[in-house]
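Asks: Could you look at this predicted model? Sequence included:
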Amino acid sequence: MPSARSRVRSTEPAAIGGLVAALVAGACRSEPAAAPPAPGSAAPRDAGGPNDARAPSPDAAVAPASPWARLAGLPVATPVRVVTLAARSDMPRFDVGGPVVAGDVAVVSSSQLGFVAVDWRRGQIAWTKPAGLHVAPAVARGGTAILIGDCIDPPALADTLLGCLRVVAASGADESYASIHGSHLEAFAAAHGAQDVWPSGDREVRWRRGDQAVAIDLITGAARTASAAPPQLHIVDGSRAWDIARTPQRIVARQRGKLAWQTDHAYDRLLGAVYLADLAPMIRVLRIGAYAGLPELNLLDIDATGSLHGQASFPVPAVGTIGDAIDGVGNTALAVRLDSSLRRDFIAGFAATAQLMYVYRLPEVPRSEPVGLAIAPGGVLVFHDGDTFTVLPELSSPATAPGAPDLASQNSTP
């Protein structure tokens, strides 16, 4: 839990790296009391059950330890509901995306589904929209969802056609539909790799694929080449503000374009901001390393103002992550890869205070695609394996601090 915090700026920004190293050491070597189960979680941890990593075997004394044994003793979540989506098995699963929360629905996508809006509170399909063989991740803007995919009926154009864009209200009504086209877009059209879409200005979105990106007009569909650099994390504390970015070597904070502070260490992800009442804002990062020869994930919070204060979570076993989401306060959900089998993954839910609230084991199947995550008021939304939408219990949400963004979920920053 966070402690009282000084607002005095450090005159040695490099000391931030030492702070986080100390936090990691404390998190790895101490043995804090186990976190209490989240509301709606499973029975007490000694009760066993189908999702309990510690469920005993009659031959436990002689049988090899389960690969899941490292989750023993952690609080376990029970799903609120699981919705199976009707995917077309005769279609290849090229792309998956979502969920993104738009109003009262969460939109997911894949080459086998098109776009599907799930009323996640009731476990019902609200609406669907068609798409071709390839789709980009949907993005929410206010109460609308912006959908990008292959055109079902491609128009004949003189310039390069990249796909079609549809803006849909949460009710399912189309607000606009346009072909995405422009000149000198051959490099983007030929690009491969991970995709991201994010809002850019009042009437544009930025679509990144691999190392190429285009800016798209939401009304006309006109596209132009653009920078593939992701948006920086913008932190506000009263009259002060910082722009935070992750480089391969460190985390860098700037004020009005000038370097404010930076860390000495590299981190695997910059997840977003943490706003807790009566405390200065923090940035949440994660690092995956090893302790006693075993890989583990540490969730770390660094004071965004540059002071030496911060907080760290209890570590969880991990060799990597395949999905993440953070809400406007700092509650965080991670899709964690337990080992190199590509079959054993789980969801770890952390409160904004960095307390581990629960873990939830995903089905043990070969899994090559990322796991989609979103945090909505009342639940953690998980889209996995191309056809399954799982709702997990909500994470505790302390009161937001002044300046916290009014967002269901922040965009995590690579």
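Replies: That came in fine, so what should we check first?
Asks: show me the contacts for the closest residue to residue 354 other than its chain neighbours.
Replies: Ranked by C-beta to C-beta, 6 or more residues apart in numbering and with sequence neighbours excluded, the top spatial neighbour of residue 354 is residue 313, at 4.3 Å. From N, CA and C alone the C-beta is placed, and that goes for glycine too. Neighbouring residues of residue 313 by C-beta atoms under 8 Å, 6 or more residues apart in numbering: 27, 298, 299, 300, 350, 354, 355, 356.
Asks: and the gap between the last one and residue 197?
Replies: The one in question is residue 356. The span separating residue 356 from residue 197 equals 31 Å under the rule C-beta to C-beta, to the nearest Å.
Asks: okay, these two: which has more neighbours?
Replies: When neighbours are counted by other C-beta atoms under 10 Å, residue 356 and residue 197 differ, and residue 197 comes out ahead with 23 against 20.
Asks: just checking, that one touches residue 136?
Replies: Yes - with the criterion set as C-beta atoms under 8 Å, residue 197 and residue 136 qualify as a contacting pair; they are 5.4 Å apart.
Asks: and for those two, which residues touch both?
Replies: With C-beta under 8 Å, 6+ apart as the test, residue 197 and residue 136 both reach 148, 207.
Asks: so where's this structure uncertain?
Replies: Flagging of the chain using pLDDT under 70 yields the residue ranges 1-64, 397-414.
Asks: Residue 91 - nearest residue in space that isn't next to it in sequence?
Replies: Spatially, and ignoring its direct neighbours in sequence, residue 91 is nearest to residue 112 (4.7 Å; C-beta to C-beta, 6+ apart).
Asks: so who does that neighbour touch?
Replies: Neighbouring residues of residue 112 by C-beta under 8 Å, 6+ apart: 87, 88, 89, 91, 92, 93, 386, 387.
Asks: Go through the residues you listed and name the one nearest residue 309.
Replies: Set against residue 309, the nearest of those by C-beta to C-beta is residue 386 (42.5 Å).
Asks: Quick check: that closest one touching residue 370?
Replies: No - at 11.0 Å, residue 386 and residue 370 do not qualify as touching, with contact defined as C-beta under 8 Å.
Asks: Show me the common contact partners of those two, please.
Replies: With C-beta under 8 Å, 6+ apart applied, the overlap between the contact sets of residue 386 and residue 370 consists of residue 96.
Asks: Got the domain ranges for this protein?
Replies: The chain breaks down into these structural domains: 20-80+232-392, 105-225 (assignment by automatic domain parsing).
Asks: Which parts of the stretch 51-200 of the chain are helices?
Replies: Remark: helices assigned in the stretch 51-200 of the chain by DSSP state H, counting those that start in this stretch are 186-189.
Asks: that older thread, pipe the contacts of residue 313 into a markdown table and attach distance to residue 284 and secondary structure per row.
Replies: As requested, the contacts of residue 313 are exported to a markdown table (distance: C-beta to C-beta, whole Å; DSSP: H, G, I helix; E, B strand; the rest coil):
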| residue | distance to residue 284 | secondary structure |
| --- | --- | --- |
| 27 | 14 | helix |
| 298 | 11 | strand |
| 299 | 7 | strand |
| 300 | 7 | strand |
| 350 | 9 | strand |
| 354 | 8 | coil |
| 355 | 13 | coil |
| 356 | 14 | strand |
